[in-house]
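[1] Quick one: sequence and predicted model below, then my questions.
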Amino acid sequence: MTRPKFICLLTLLALAGLVPSGAAERDVFDYAAQRSAPDSVTKIVFIGDAGTHGPRGNHEFVAGFILMARALREAYPNVHAVVHSSNNWPKDLSHADAIIVGLNHGERAGKDPEIGKAIARGAGFMAVHFGVEVHIGQAGKNYLNWMGGYFEIDWSVNPWWEPEFKVFSDHPTTRGLKPFKLRDEWYYHMRFAKDMKGVTPILSAVAPISTVREKTSGRGGNPTVFKEVSEGKPQHMAWAYDRPDGGGRGFGFTGMHLHGNHTDDSFRTCLLNGAAWIAKLEVPKQGVPSKTPDEAELKSLIEEAITAIEFGK
C-alpha cells in the first residue's frame, strides 16, 4: 500500500474512532488532544472553507491546510496543529496560539468573537486567498488590527496573473525562499494600515497593466491602483505584520487559489514560514522544511479533506 493511501486509511479509521487518537500522522483532527495539551505545546488552529470555488483543485483550503498542519508538526515537535472546516467552526479558541483561515470570503472570521478574544490575548492571525477579503466596517477594522491589511472592494484587485518574485525582505518569513514565478489569482493593492506602520512586504512584484482597469469596478480596478501600476509601483501579495501593541503578529497571503501550486517549494515555504512566525516559532535559516508533494499526493489530500468534512470535521 502506498504511503498516501495508507495515511488516508488511517485517517478514515481515526475519524470513525477505530484507531487510537493521533495514529493518523498525529491526527490533525484531534481537537480534544490539542485543547488538553500543556502550555509548552504551541497550538495552531486552521479553519478552511468546506466548499470549493469551481471544480476540484480550486480553493481546496481544507486539503491545503492538512498539508500545512502536518508539515508544521513534522518540523516542530512541540506543535499541535489541527484543521477545522467551516462546517465545524471552532466554538472555543481560548487555547489557540495562532489562527489561520482560508475561506470563500473572510467576513465570518473578521466578526468572530472567539477569534477576537484569542487575538486580544496575543494569538497570531493569518488569512489566505479569499479569506483576506472582508467588508468595510467591523471586519475591516478587525483585520487591520489583526494582520495590518485586507482586500477591500473598489480598492483591491484580484486578477489571474504570473508575478515574478525576485527580491525578498530581510524577514523571518522569507527564509529559504528563492526567486519564483507562479500563476495564481494573486490579489494586490490591499487596504493596509496607515503609512504601512508595522507592515513588512513579503512577496512583491510589478503588475502588468493588463491586470487592472482604470474605471472603478468592484474587484477589477480603480483610478488609484491603475495609476500605481502604470507607474510601475511594486504591489504586495503577501505581508507580515507586527501589531503596534506588541501583543501579536499577523500574516496575509493572497495566493492559493490553485491547490497544485503547493508543489512549488518557495510558495509552500512562504506559507509555512508565515504560519510558524505568527505562532512565534523560530523559523529555520532555510525556512520551515517540508516535502514537495506530487500530483497523486495532492489529489489524496483533496480526497481526505472531502472525507473529513463528511465526518463533520
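    Perfect, thanks for sending it.
[2] Residue 206 contacts residue 234, correct?
    Yes - assessed by C-beta atoms under 8 Å, residue 206 is found in contact with residue 234 at 5.5 Å. Glycine gets a C-beta too; all of them are placed from N, C-alpha and C.
[3] got a list of what the spatially most central residue of the chain touches?
    Closest to where the C-alpha atoms of the chain average out (C-alpha atoms, centre = their mean) is residue 128, at 3.6 Å. For residue 128, the contact set (C-beta atoms under 8 Å, 6 or more residues apart in numbering) comprises 61, 64, 100, 101, 102, 253, 254, 255, 256, 271.
[4] May I see the PyMOL selection of the buried members of those residues?
    Command for PyMOL, covering only those of the contacts of residue 128 found buried under the criterion 16 or more other C-beta atoms under 10 Å:
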select buried, resi 61+64+100+101+102+253+254+255+256+271
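[5] export the contacts of residue 128 to TSV and tack on distance to residue 177 and secondary structure?
    Converted to TSV, the contacts of residue 128 look like this (distance: C-beta to C-beta, whole Å; DSSP: H, G, I helix; E, B strand; the rest coil):
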residue	distance to residue 177	secondary structure
61	22	helix
64	18	helix
100	19	strand
101	23	strand
102	20	strand
253	13	strand
254	16	coil
255	13	coil
256	16	coil
271	11	helix
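[6] Among the contacts of residue 128, find me the one that's closest to residue 47.
    residue 101 (4.8 Å; C-beta to C-beta).
[7] I'd assumed residue 109 was in contact with the closest one.
    Yes - counting by C-beta under 8 Å, residue 101 touches residue 109, with 4.6 Å between them.
[8] intersection of neighbour lists for those two?
    Taking C-beta under 8 Å, 6+ apart as the contact rule, residue 101 and residue 109 both touch 47, 127, 131.
[9] tell me which element the first one falls in.
    Secondary structure assigned from DSSP states H and E places residue 47 in strand 42-48.
[10] Count residues in the vicinity of residue 49, would you?
    By the criterion of other C-beta atoms under 10 Å, residue 49 has 24 neighbours.
[11] which residues touch it?
    Residue 49 neighbours (C-beta under 8 Å, 6+ apart): 59, 61, 62, 85, 86, 102, 103, 104, 130, 131.
[12] Can you report phi and psi for it?
    phi -60, psi 140 (degrees, to the nearest 10).
[13] How about residue 217?
    phi -150, psi 60.
[14] The one 4 residues further on now?
    Backbone dihedrals for residue 221, given as degrees, to the nearest 10, come out at phi 160, psi 180.
[15] Could you tell me which residues make contact with the closest residue in space to it that isn't next to it in sequence?
    The shortest distance from residue 221 to any non-neighbouring residue, by C-beta to C-beta, 6 or more residues apart in numbering, is to residue 213 (3.3 Å). Shown in contact with residue 213 (C-beta under 8 Å, 6+ apart): 220, 221, 222, 226.
[16] ok, residue 213 to residue 255 distance?
    The gap separating residue 213 from residue 255 is 21 Å, by C-beta to C-beta, to the nearest Å.
[17] now the helices for the stretch 1-150 of the chain?
    Ranges of helices within the stretch 1-150 of the chain are 3-15, 31-36, 61-75, 107-110, 113-120, 138-147, based on DSSP state H, counting those that start in this stretch.
[18] Run through the neighbouring helices and strands of the last one.
    When you say that, I think you mean helix 138-147. Helices and strands touching helix 138-147, by 3 or more C-beta pairs under 8 Å, 6 or more residues apart in numbering; DSSP states H and E, are helix 107-110, helix 113-120, strand 124-128, strand 149-150, strand 191-192, strand 235-242, strand 249-253.
[19] What count of nearby residues applies to residue 237?
    Neighbour tally, residue 237, other C-beta under 10 Å: 23.
[20] again, but for residue 46
    Using other C-beta under 10 Å: residue 46 sits among 27 other residues.
[21] Not counting sequence-adjacent ones, nearest residue to it?
    Distances taken as C-beta to C-beta, 6+ apart put residue 65 closest to residue 46, at 3.9 Å, once the chain neighbours are dropped.
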